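Enquirer: 3D, please:
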Amino acid sequence: MKFCKTQAVRVCAFLLAAVPAYCQRGTFGIDVGQSSDKFGSLSSVSGLVVGIDGQVTVFNPNPKNGRPGILVGGEVRLPTDTQNHSKEYAIFGGVRFPIHDFSIGFDAQARKIYLPPANVDNQIFVRDKLLFLEIPLVVKYKFGSDKRAFVEAQGAPEFTPHFREAGALLQLPNPNWDYGYFVRGTVGYVLGRWYVKASYENRYFKFDQNQNNPNGLYNWHSNLISGGVGVAF
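Expert: Got it, this is the predicted structure:
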């Protein structure tokens, strides 16, 4: 619990540092969900994940002159079982173009993933940490009474990651990247200054099957279902 509080303080500090006086709107939310993770030929493992996310709009969009909205934000994911699920930290900046009840844009984000170790025949192998540059397309639609309900979709192919050694004595060599992707869908509803939401995310990382990726231990397929609440300020 102390670790979770520390990470929450870090996210809050990041948001406060990123919000200049002319920022127009921001959100801060907490999600709780279940992640199902499968690495290579190992059995799938499910566990609890807590997510903390926030973003602020640096410039509001201006439909008259076509200027997009500009925003910055961050995200933290903290599993209760780090031996089978990954920790993640991300920061991003993005643009949003309003089109009637839609907004369409993209984010440029850096995501650091702490992959869990692998236990094969009572032998522990430590995977490298991964640093990804992601550029997801983001589409959001508002509808219903006063446009309080919303649906959002995100998705992107993954670029070749950078590897960071985890500092273990027995460690897998860096594998060769093949391809990867993630897709995420979110539905939510705004209640005054508060909002509720539910999300589903599917992610897949594929590395070449060779001596640098024995038994496909770096190949990762995850499904995350979560729900949460947040506040708009």
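Enquirer: and the helix or strand that contains V151, what does it pack against?
Expert: Per DSSP states H and E, V151 falls inside strand 149-157. Where contact means 3 or more Cβ pairs under 8 Å, 6 or more residues apart in numbering; DSSP states H and E, strand 149-157 is packed against strand 137-143, strand 177-191. Where C-beta positions appear, they are placed from N, C-alpha and C, glycine not excepted.
Enquirer: just put those strands in TSV and tack on mean neighbour count and distance to G47.
Expert: Shown next, in TSV, are those (neighbours: other Cβ atoms under 10 Å; distance: least, Cβ to Cβ, whole Å):
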stretch	mean neighbour count	distance to G47
strand 137-143	15	27
strand 177-191	16	19
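Enquirer: of all those strands, which one comes closest to D101?
Expert: Comparing those against D101 with Cβ to Cβ, the closest turns out to be strand 137-143 (5.2 Å).
Enquirer: the closest one pairs with which strands, parallel or anti?
Expert: strand 102-114 (antiparallel), strand 149-157 (antiparallel) (DSSP bridges).
Enquirer: N62 is nearest to which of these?
Expert: That would be, of the strands paired with strand 137-143 and by Cβ to Cβ, strand 102-114, which comes in at 13.0 Å.
Enquirer: what residues does that closest one touch?
Expert: 61, 68-69, 82, 86-97, 129-141, 164, 166 (Cβ atoms under 8 Å, 6 or more residues apart in numbering).
Enquirer: selecting buried members of those in ChimeraX, what would you type?
Expert: Burial among the contacts of strand 102-114 is assessed by 16 or more other Cβ atoms under 10 Å; the matching ChimeraX selection reads:
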select :61,68,69,86,87,88,89,90,91,92,94,95,96,129,130,132,134,136,138,139,140,141
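Enquirer: which ones among the contacts of strand 102-114 are found in helices?
Expert: When these are checked against helices (DSSP state H), there are no matches.
Enquirer: the inter-axis angle of the strand or helix carrying I225 versus strand 102-114?
Expert: Counting by DSSP H and E, the element that carries I225 is strand 220-232. Angle of strand 220-232 versus strand 102-114, following axes from the mean of the first three to the mean of the last three Cα atoms, to 10 degrees, is 120 degrees.
Enquirer: from the contact counts, what lies against strand 220-232?
Expert: When contacts are defined as 3+ Cβ pairs under 8 Å, 6+ apart, strand 220-232 packs onto strand 25-39, strand 45-59, strand 194-207.
Enquirer: quick one, that strand and strand 177-191 angle?
Expert: Interaxial angle, strand 220-232 versus strand 177-191 (the same axes, to 10 degrees): 30 degrees.
Enquirer: what mean pLDDT does strand 220-232 get?
Expert: For strand 220-232, mean pLDDT is 96.
Enquirer: helices and strands of the protein: which one has the lowest mean pLDDT?
Expert: Here the helix or strand of the chain ranked lowest by mean pLDDT, DSSP states H and E is helix 2-18, holding a mean of 48.
Enquirer: for H221, the count of nearby residues, please.
Expert: Neighbours of H221 under the rule other Cβ atoms under 10 Å: 15.
Enquirer: and if you look at K147?
Expert: Residues lying near K147 (other Cβ under 10 Å) number 11.
Enquirer: what about the residue of the chain most remote from its centre, which SS state?
Expert: No residue in the chain sits farther from the centre than K64, which is 32.4 Å out by Cα atoms, centre = their mean. The three-state label given to K64 by DSSP: H, G, I helix; E, B strand; the rest coil is coil.
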